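Peer 1: okay, here's the prediction I keep looking at, along with the sequence it came from:
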Amino acid sequence: MPFVATLVPVLCGNRDSADLLTCIKGRALQYFFDPVHLAFSIVASIIVLFAYQFVMDFHIQISRLALTRGKSSTKETILREYRNTINAPFHALSLLACLCVAAATTLLFWDRIFELEYSYWWGNIQNGISGLAYISIAAIFTFFAIKYFVFLVSASIFLARYFVSYMRILPYDPDGMSGLSSAGVVIIRIWRQAALLAVCLYLVFSTNYLDISHHWVVWLLASLVICTLPFAALVPFVFLALEAMRQKRLFRGKILRSLNPKVHGDFDPLMAVRYAEVSEAIDKLVVLPIKGWRFLAIAILNSIQLYVSVDAIWKGLPI
């Protein structure tokens, strides 16, 4: 929409067709010669696609986790709590916060649009109405971004409660992760969004784009990112890891107690061998839905994300 708005012949004055075409072409080139804006838009678009995929697929993954629980009453409880989770972004306070931040975003760019100091920017009113189209998109974007952050926090709390109260490992589940692969899918998708949002913060703060890095609105949004994403990514994983390892120990003890050679009167070499084999097999059971190089890569990316985000917020303190 901002680019389309550069083609509208407003503020080009009363000119003949050749001059008008030159004016519009110059404004369009201004837009394309803004690499920070274009890079931010590309990364933000990818984040939006990932967020859309996360929201649309979240109910499927939670349903899979709920269906693996034994009692129907437990399944109903899980799904009821899940419905409360997805309704959190539509709470009156959540919507009010979304509207306030969206309004603040328009104020952030309002001066950039109407002050001659920023006439070099393609969004300035001297160059057409692109800036007005841009702030409308920015307001809509931040409205749904805050709404999405509320959903992520709510989903994170829901997952943590699920892992503590309802989760049980299924060591022989065909997914190879003790029935927890759906939980791993959810956590990984949160983590990759955290890494990409760090790229957005880096672009804004490292370039000081339009002098906005010290504005309180940008600092507020950056702080929200650094508080929300690590919380949403790490809290469920910590609870999942602790509970999965605890249940694995219980499962191991239950199985091995029935095979322990000392329980039986006489020493049975065959039973001793079987005990050792089963013990080794249980130790190899995978109970964490994130393993190998994927876990290492995500850990590195999120360490970078935390560093970049904290550094960006520190440099952008509105003082």
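Peer 2: Now that the structure is in, tell me what you want to look at. Numbering: from 1, shown residues only.

Peer 1: residues touching residue 151, list them.
Peer 2: Shown in contact with residue 151 (Cβ atoms under 8 Å, 6 or more residues apart in numbering): 55, 85-86, 88-89. (Glycine included, C-beta is placed from N, CA and C.)

Peer 1: which of these fall in helices?
Peer 2: 55, 85-86 (DSSP state H).

Peer 1: and those residues, which of them are buried?
Peer 2: 85-86 (16 or more other Cβ atoms under 10 Å).

Peer 1: which single one of the ones in helices among the contacts of residue 151 is nearest to residue 207?
Peer 2: Nearest to residue 207 out of these is residue 55 (Cβ to Cβ; 30.3 Å).

Peer 1: show me what contacts the closest one?
Peer 2: Counted by Cβ under 8 Å, 6+ apart, residue 55 has contacts 148, 151.

Peer 1: now it: how far from residue 152?
Peer 2: Note on residue 55: its distance to residue 152, by Cβ to Cβ, to the nearest Å, is 10 Å.

Peer 1: could you pull out the helices for the protein?
Peer 2: Under the criterion DSSP H, the chain contains helices at 2-6, 17-32, 35-67, 72-87, 92-114, 130-165, 181-207, 216-259, 269-283, 292-315.

Peer 1: output the contacting helices and strands for the longest one.
Peer 2: With contacts defined as 3 or more Cβ pairs under 8 Å, 6 or more residues apart in numbering; DSSP states H and E, the secondary structure elements packing on helix 216-259 are helix 92-114, helix 130-165, helix 181-207, helix 269-283, helix 292-315.

Peer 1: nearest to residue 63, of those helices?
Peer 2: Minimum separation from residue 63 across the helices and strands packed on helix 216-259 (Cβ to Cβ) falls at helix 181-207, 8.6 Å.

Peer 1: helices or strands up against that closest one?
Peer 2: helix 35-67, helix 130-165, helix 216-259, helix 292-315.

Peer 1: residues of it that come out buried?
Peer 2: Using 16+ other Cβ under 10 Å as the burial criterion, the residues of helix 181-207 that qualify are 181-205.

Peer 1: swap in stretch 203-221?
Peer 2: Buried residues in stretch 203-221, counted by 16+ other Cβ under 10 Å: 203-205, 209-210, 212-213, 215, 217-219, 221.

Peer 1: ok, now stretch 91-105?
Peer 2: When burial is assessed from 16+ other Cβ under 10 Å, stretch 91-105 yields the following buried residues: 94, 97-98, 101-102, 104-105.

Peer 1: likewise stretch 170-182?
Peer 2: Within stretch 170-182, judged by 16+ other Cβ under 10 Å, the buried ones are 171, 177-182.

Peer 1: of the residues you listed, which is the nearest to residue 134?
Peer 2: For the buried residues of stretch 170-182, the nearest to residue 134 is residue 182 (38.9 Å; Cβ to Cβ).

Peer 1: surely that closest one and residue 59 touch.
Peer 2: No: applying Cβ atoms under 8 Å, one finds residue 182 not in contact with residue 59, separated by 11.0 Å.

Peer 1: ok now do residue 7, which residues does it touch?
Peer 2: Neighbour list for residue 7: 24, 28 [criterion: Cβ under 8 Å, 6+ apart].

Peer 1: same question, the one 4 residues further on
Peer 2: With contact set as Cβ under 8 Å, 6+ apart, residue 11 has these partners: 125-128.

Peer 1: how much space separates it from residue 102?
Peer 2: As judged by Cβ to Cβ, residue 11 and residue 102 stand 27 Å apart.

Peer 1: ok, now residue 270?
Peer 2: 71 Å.

Peer 1: low-confidence stretches in the protein?
Peer 2: Along the chain, the model assigns pLDDT under 70 to residues 13-17, 68-73, 260-268, 291-295, 298-299, 301-302, 305-306, 308-309, 311-319.

Peer 1: can you tell me the closest non-neighbouring residue to residue 91?
Peer 2: Distances taken as Cβ to Cβ, 6 or more residues apart in numbering place residue 150 nearest to residue 91, at 8.0 Å, with adjacent residues excluded.

Peer 1: ok, the one you found - how many residues close by?
Peer 2: 20 (other Cβ atoms under 10 Å).
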